[in-house]
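Participant: take this sequence and fold it.
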Amino acid sequence: MYGRRLAIAIVCFSLSVPIALACGPNFPWQLLSDRAGTLRGTPKNSFAFEAAHLVASPKDKLKAVEDAFPSSDSLAADLSKAESEGLSDQQAGWAQSIRLETSGDLAFQEGAALPLSVRLYTAGAVDFRRGNLSAATQRFQAILKLPANDQSRRATWAAYMVGRTYARAGEIDNASTAFQLTRILAIGGAPDPLGLAVASCGEEARLHLARAASYLTGPTPTLPAERRDDYRREIAAAVVLYAEQAARGSRSGINSLRTIAQLLFQPDPVHGSQTGWLDASIGDATVQRLLVAYVLAMLEDVPAYGEPMDAGRQFHRVEPNGAVRTLLWAISNGPGVAHVAGADRLAALAYRSGEYDLARQLADQTTGPLASWVRAKLALQQGDLKRAAAFYAEASKAFPPAGEPPVLDDGNVKLLTGESAVLALARGEYVDALDYLYPVARTYWGDVAYIAERVLTTDELKHFVDAHVPAPPQPKSADATDQTGVYYWLFQADPAVRLRDLLARRLVRDGRYKESLAYFHPPQGRHFRDQNIPKDVIEYAQALNEATGDWRSVNRARGWYRAAVLARESGMEMMGYEGDPDYSGLDGEFDQGLGQSKPGFSFVTEVERSRFEASAANPYQRFHYRYIAVEDARHSADLLPPRSQAFAAVLCKATGWMMSSRDDIAVKHLYHRYLKEGPYVPWAAHFGRSCPEPDFDGAARLPRVLLVRNTRHFVGRHRWEAGLTLALAMVAGALAFVGLRRRRLRQAG
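Facilitator: As a prediction, the model looks like this:
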């Protein structure tokens, strides 16, 4: 058992290497990227889910004990820990040491201080390792003959190893009996720390596979007609045992079922088709369900003949994998579809192969979410959106009550809900679409963000949030990482926090600053690394109020500049789009992968298109808030004396912001304006790269300074003219004073 687990681990690890190298950012799944493809797709569970539900849920408490990636060290540690249970430290040490003996007899002699069942088992394990199967079998059987209390420590171990020794000796019936006893003992309460009872299902299944293989004859194995029933029984018995193993959480059981399905789809070397092995096995209901699940989950379709691989996805035509039609043909010519097991799964298979009448016939034979889902797909195939919506609603209500086996895996439950939202969008039910998607927002956050940000109006979104998305409780700590210290992508944060933040930023973009404050996340929330954004929004609103309300032009310029700085430094958090063009949901690191930059063509209403256009960023630029910051800076410069340091510094800052955005045209315009209107400053050689803060107080004083400076300059160059002008002004003033004095005296007399 441990050797197989280690081999599987090595294979899994080797397969994981290219996957790890190919990993990129964790973009969310999105259904709206290809609405036609989403609604056209075949409902199908994962193979692992179907494999674990081929048989009824076990009533016992047996569980598989398997390491995901076992190593020789971890396996040895597991065995050592299991062997030490119920023993003193000294006894555990003896048990480990006698395992190293050269024979079972020596091990048995050295283990005299151990409990008899432990002593016998350890000696038998030494014999088994040395190839002395007869002695090993006798010792293991001796354990099973002990009184119940004495054998309990090693009862399941002994029964399991009896099965293995018989299997190695080719005694299949005795091996099967021993493996069945392993499960009986474990169910009865015998200790089973290594999960040998569940592993015994797989061991027994291998015996049936070996017997089935023995029926194949010839140098190129073929199945004789007289052995078809025997072959079917053995394959079915193996499938049931592996299914019982998988139902108890065994990955090994799932992998074995996949291997059997692959085997049965291999062509008969004589007949050149699946007329031998597949046809012989398809009559068993469990095998049939296994094959349907395998074809649905594991086999990919192929592009239709003449269809280019890069064709537009909404027009992309595919042909079902050949195995799909082969399986349908085998079922139709074997047990027949009228008595098929798992009619809902077969209905999905028929739908995938384009056999729509057969799919409808099968779906009508049964009830449940998968059958209703297939009927919804058929209604969509006919263009009947109303009936499709009714079937989607029926599917959502048809899930079995708690405690009963599920019909769909968790991913498909979410997909069914998500497809209902896609259809709601196609019918113009925009708020309903968000209502469908919000419960599965962790999976389809990109679609939630698109509807909330680009389809609903701000007031529709606000009403939805107020009704369905209460503010989460205040975080206990200001930790921006999870328990492993890895920073979360923002779309992995609590959807309630994320959607409220999205609404808050929409309100800021609409100028509804006060309303937005109630929806921003608390400062330094668990999934965020930013500052106190509500505080920045308050300051931003105050800066804009000063920019438009103060009577002094320099103060208005100061307000515009402060607003520009806040928009540049905190614009992503205050007003950034969750998706296109800012991608706040990806922390601005990528320019795709979340939401939609275009609604697409299929299943899109004209109203949705108009709403999408109306909600676009203004300006529609990557990091659009930077352009808002630059526009605010231009307003500030407009109000400043062109020859002031503040004028040059404001334009310098704005130029730097556009340099970081790599907008060469905007950089050129800003710099040329400085050259045309601005003063000489010593730092102009590094314009846009090294900019001081604007001196607004100096700008306010500049008109008076310039007046005094210009007056002095005039006087210095025109002294005689200035003196004469001053003398004349004094004479005129004296004459005016004398005249005024005389008029007052006359009036008084």
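Participant: how many residues are close by the closest residue to T42 other than its chain neighbours?
Facilitator: Spatial nearest neighbour of T42, excluding adjacent residues (C-beta to C-beta, 6 or more residues apart in numbering): R352 at 4.0 Å. No exception for glycine: its C-beta is placed from N, CA and C like everyone else's. R352 sits with 24 neighbouring residues when counted by other C-beta atoms under 10 Å.
Participant: quick check: R352 vs R505, distance?
Facilitator: As for R352, its distance to R505 is 42 Å (criterion: C-beta to C-beta, to the nearest Å).
Participant: over to L31?
Facilitator: 24 Å.
Participant: of the two, who's got more company?
Facilitator: R505 (27 against 23).
Participant: tell me which element the more buried one is part of?
Facilitator: In the assignment (DSSP states H and E), R505 maps to helix 495-509.
Participant: and the helix or strand following that helix, how far out from the chain middle?
Facilitator: Heading C-terminal from helix 495-509, the first helix or strand you meet, by DSSP H and E, is helix 513-516. With C-alpha atoms, centre = their mean, to the nearest Å as the basis, helix 513-516 stands 32 Å off its chain's centre.
Participant: cool, stretch 35-54 as well?
Facilitator: Put simply, stretch 35-54 sits 17 Å off its chain's centre (C-alpha atoms, centre = their mean).
Participant: tell me what whichever strand or helix holds V126 is packed against?
Facilitator: Element membership for V126, per DSSP H and E: helix 116-130. When contacts are defined as 3 or more C-beta pairs under 8 Å, 6 or more residues apart in numbering; DSSP states H and E, helix 116-130 sits against helix 89-98, helix 104-110, helix 133-144, helix 148-151, helix 155-169.
Participant: can you redo the ones you listed as a markdown table with mean neighbour count?
Facilitator: Shown next, in a markdown table, are those (neighbours: other C-beta atoms under 10 Å):
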| stretch | mean neighbour count |
| --- | --- |
| helix 89-98 | 16 |
| helix 104-110 | 18 |
| helix 133-144 | 20 |
| helix 148-151 | 14 |
| helix 155-169 | 24 |
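Participant: helices of the stretch 401-550 of the chain, start to end?
Facilitator: Taking DSSP state H, counting those that start in this stretch, the helices of the stretch 401-550 of the chain run over residues 410-426, 430-437, 445-450, 458-468, 495-509, 513-516, 533-549.
Participant: of all the ones you listed, which lies closest to A617?
Facilitator: Nearest of those to A617, taken as C-beta to C-beta: helix 495-509 at 8.2 Å.
Participant: relative orientation of that closest one and helix 458-468 in degrees?
Facilitator: If you take axes from the mean of the first three to the mean of the last three C-alpha atoms, to 10 degrees, helix 495-509 sits at 150 degrees to helix 458-468.
Participant: which other residues reach helix 495-509?
Facilitator: If you take C-beta atoms under 8 Å, 6 or more residues apart in numbering as the criterion, helix 495-509 is touched by 438, 441-442, 445, 448-449, 452-453, 458, 461-462, 465, 469-472, 490-491, 513, 515-521, 525, 527, 537, 540, 573-578, 584-585.
Participant: and the residues you listed, which are buried?
Facilitator: Among those, those buried by neighbour count (16 or more other C-beta atoms under 10 Å) are 438, 441, 445, 448-449, 452-453, 458, 461-462, 465, 469, 490-491, 513, 516-517, 519-521, 525, 527, 537, 540, 573-578, 584-585.
Participant: quick check: end-to-end length of stretch 37-52?
Facilitator: 28 Å (C-alpha to C-alpha, to the nearest Å).
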